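K.L.:
Below are the sequence and a predicted model for it; my questions follow.
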Amino acid sequence: MRVAGALLLVLGCEARSDPGPGRAAQVSTASDTGRPAAPKKSDERAAEREALFRSVEREAEVHDPRVLAALRRVPRHRFVPAPLSDRAYEDRPLPIGHDQTISQPTVVAVMTAAVAPASTDRCLEIGTGSGYQAAVLAELCARVYSIEYLAPLARFAEENLRGAGYLEDRVMLRTGDGYRGWPEAAPFHVIVVTAAPESVPKPLLSQLAAGGRLVIPVGPEGAVQELELWTRTGSGDGPNAFDRRTLMAVRFVPFLGEGR
């Protein structure tokens, strides 16, 4: 199992407040042609993004050109609180309020590369946070469905995605418990989970399409966890239906809701 200090991330749903009423909103990163559209002012702080992601490519050993290009396109400074904007291109998680963080770019790269999103894929994210990972996935997938447990963060993510130029037909946002996934939109080719349950939620596995990939941190609260990659290799939900690989050691905040 790979352990790397630069790849330890604290991200997810740690605050103990209730999620508030369920809702859905839409944001987009694509034109009618299905090709991802560049965010507004995509040249903002481009030199900082380039320097950061050259470092990410080296430190995380991620070489997928599509993933690296997506990371370079998404303006991370638009997904952090304004007082932290000058630190947006540091390779570390940053606080976004409610005891949560925006994910470390290195970890975003590793998790995104692990699930290898294709331009025709439907992607599910559990734990929207500031919206940064959803924006990265939206640059790579046909459609992204993202669930955030905390209502204030769901609103923050929607504001950030809109402000970055992601419009209204590519990303679906929902406030609520991500344990049961988004069954009416399933199956998904890619599922990314950004908080750690002690075991993989079975509803998420059941929503994987044939050949679908799920990346998730698994382990007890407050301890080093394992980042796992699950791939559907057969039908049904039995042990022979999936291939499971451990990618590396990480530290995420606990999965709230039924996943606890």
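P.N.:
On my side now, so go ahead.
K.L.:
Poorly predicted segments of the stretch 151-260 of the chain, please.
P.N.:
Along the stretch 151-260 of the chain, the parts satisfying pLDDT under 70 run over 167-169, 259-260.
K.L.:
do that again at 80, thanks
P.N.:
Residue ranges of the stretch 151-260 of the chain with pLDDT under 80: 165-169, 257-260.
K.L.:
Tell me which stretches of it form strands.
P.N.:
Ranges of strands within the stretch 151-260 of the chain are 167-175, 188-193, 208-218, 225-232, 242-250, based on DSSP state E, counting those that start in this stretch.
K.L.:
I'd like to know which of those strands is closest to residue 108.
P.N.:
Among the strands of the stretch 151-260 of the chain, strand 188-193 comes nearest to residue 108, with 9.3 Å by Cβ to Cβ. (Glycine included, C-beta is placed from N, CA and C.)
K.L.:
Walk me through which strands that closest one pairs with, and which way each runs.
P.N.:
strand 122-126 (parallel), strand 208-218 (parallel) (DSSP bridges).
K.L.:
Mean neighbour count and distance to residue 149 added to the strands of the stretch 151-260 of the chain, as JSON lines?
P.N.:
Shown next, in JSON lines, are the strands of the stretch 151-260 of the chain (neighbours: other Cβ atoms under 10 Å; distance: least, Cβ to Cβ, whole Å):
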{"stretch": "strand 167-175", "mean neighbour count": "20", "distance to residue 149": "8"}
{"stretch": "strand 188-193", "mean neighbour count": "26", "distance to residue 149": "12"}
{"stretch": "strand 208-218", "mean neighbour count": "21", "distance to residue 149": "15"}
{"stretch": "strand 225-232", "mean neighbour count": "20", "distance to residue 149": "18"}
{"stretch": "strand 242-250", "mean neighbour count": "16", "distance to residue 149": "19"}
